[in-house]
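Peer 1: Next come a sequence and a model predicted from it.
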Amino acid sequence: KREDKSKLSKEEIEQNVIEWCTFYRRNLDIFNEDYLEIKISQFQKQRINSWSDNEVQDTLASRGSAKSFDIGLFAIDMALLYSACNVLITSMTLNQSNLIIDEKIDKIFCTEGTRWSSPVRKDGWIRFKKDDNTGAKIVEFGNGSKIFAVNCGDSARGKRSQIVIVDECVLVKRKDFEEIISPTLEVRKFGGRTYGGADKFRKG
């Protein structure tokens with residue numbers, strides 16, 4: 001095993017990326033602890049891994065069971081491990097959808113000094129924005145991925161996503177979900193892996 005990455009060829013680096021991505025995608029619990037440096041309880045590991053393992057997953061959770069925490073962490077996992085991936089977070093109101101990004105992704109995982117803060121933010125790979133027209137919160141990643149909030153209503157029409165997370169789904173009308181949110185799903189357009197996402201942000 002080589003210690004000096006500068007001695008690796010481009011092909012070797014690419015192969016390493018493929019192998020580690022595949023391993024982490026199949027083991028989000030390890031990715032969270034090993035790469036993001038975020039440690040969570042066993043039941044949270046099982047819940048997040050089950051979301052990754054199933055195409056459709058319904059989760060019943062009581063208050064205080066870290067549901068929103070896990071949603072935020074799972075969204076980050078998907079955005080980092082799948083480049084050019086759009087993760088849509090929706091609920092009955094935009095404010096509720098924004099809370100996942102504001103209170104969990106930003107203040108808990110991406111604010112330095114918090115208990116579960118991750119060093120990934122320091123690398124410049126994550127940038128927070130707000131849609132000036134709707135007020136929807138957006139998280140952009142250096143690999144082309146994005147997490148964004150919408151309400152389950154007409155303003156979500158025309159959006160495109162590869163992963164949809166519905167918070168408090170029992171409050172969302174089935175008709176709205178099937179006619180507005182579900183049609184946003186499309187196949188991820190993988191254009192190749194990119195490196196140096198932080199440089200992309202610095203260049204604007």
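Peer 2: Thanks, I have the structure now.
Peer 1: Spatially, which residue comes closest to V120, not counting chain neighbours?
Peer 2: Among residues not flanking V120 along the chain, L36 sits closest, at 6.1 Å (Cβ to Cβ, 6 or more residues apart in numbering). (C-beta placed from N, C-alpha, C; glycine too.)
Peer 1: Need the three-state assignment for the spatially most central residue of the chain.
Peer 2: Closest to where the C-alpha atoms of the chain average out (Cα atoms, centre = their mean) is A75, at 2.4 Å. Secondary structure, DSSP: H, G, I helix; E, B strand; the rest coil: A75 is helix.
Peer 1: contacting residues around C152?
Peer 2: Residues near C152 by Cβ atoms under 8 Å, 6 or more residues apart in numbering: T90, S91, M92, V166, V172, K173, D176, F177, I180, I181.
Peer 1: ranges for the strands of this structure?
Peer 2: Using DSSP state E, the strands of the chain run over 86-91, 126-130, 137-141, 146-151, 163-166.
Peer 1: what would the ones you listed look like in a markdown table with mean pLDDT, mean neighbour count and distance to N27?
Peer 2: Listed next are those as a markdown table, based on pLDDT from 0 to 100; neighbours: other Cβ atoms under 10 Å; distance: least, Cβ to Cβ, whole Å:
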| stretch | mean pLDDT | mean neighbour count | distance to N27 |
| --- | --- | --- | --- |
| strand 86-91 | 96 | 25 | 19 |
| strand 126-130 | 94 | 16 | 22 |
| strand 137-141 | 96 | 20 | 20 |
| strand 146-151 | 96 | 24 | 21 |
| strand 163-166 | 96 | 20 | 18 |
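Peer 1: Of these, which is nearest K107?
Peer 2: Smallest distance to K107 across the strands of the chain (Cβ to Cβ): 10.6 Å, for strand 126-130.
Peer 1: now N98: how far from Y35?
Peer 2: 26 Å (Cβ to Cβ, to the nearest Å).
Peer 1: now swap in S117 and tell me
Peer 2: Per Cβ to Cβ, S117 is found 14 Å from Y35.
Peer 1: Quick one, grab the pLDDT at G191.
Peer 2: You'll see G191 listed with a pLDDT of 69.
Peer 1: same check, this time on R202
Peer 2: pLDDT at R202 comes out at 44.
Peer 1: rewinding a little: same list, the strands of the chain, but as CSV with distance to Q44 please.
Peer 2: Supplementary listing: the strands of the chain in CSV, determined by distance: least, Cβ to Cβ, whole Å:
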stretch, distance to Q44
strand 86-91, 18
strand 126-130, 21
strand 137-141, 21
strand 146-151, 19
strand 163-166, 16
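Peer 1: what's the closest of the ones you listed to R26?
Peer 2: For R26, the closest of those is strand 163-166, at 16.5 Å, according to Cβ to Cβ.
Peer 1: Pull out the buried positions in the lengthiest helix in the chain.
Peer 2: The helix that spans the most residues within the chain, counting by DSSP state H, is helix 10-26. For helix 10-26, the neighbour count (16 or more other Cβ atoms under 10 Å) marks C21, Y24 as buried.
Peer 1: Return the distance of that helix from the chain's centre.
Peer 2: From the chain centre to the centre of helix 10-26 is a distance of 19 Å (Cα atoms, centre = their mean, to the nearest Å).
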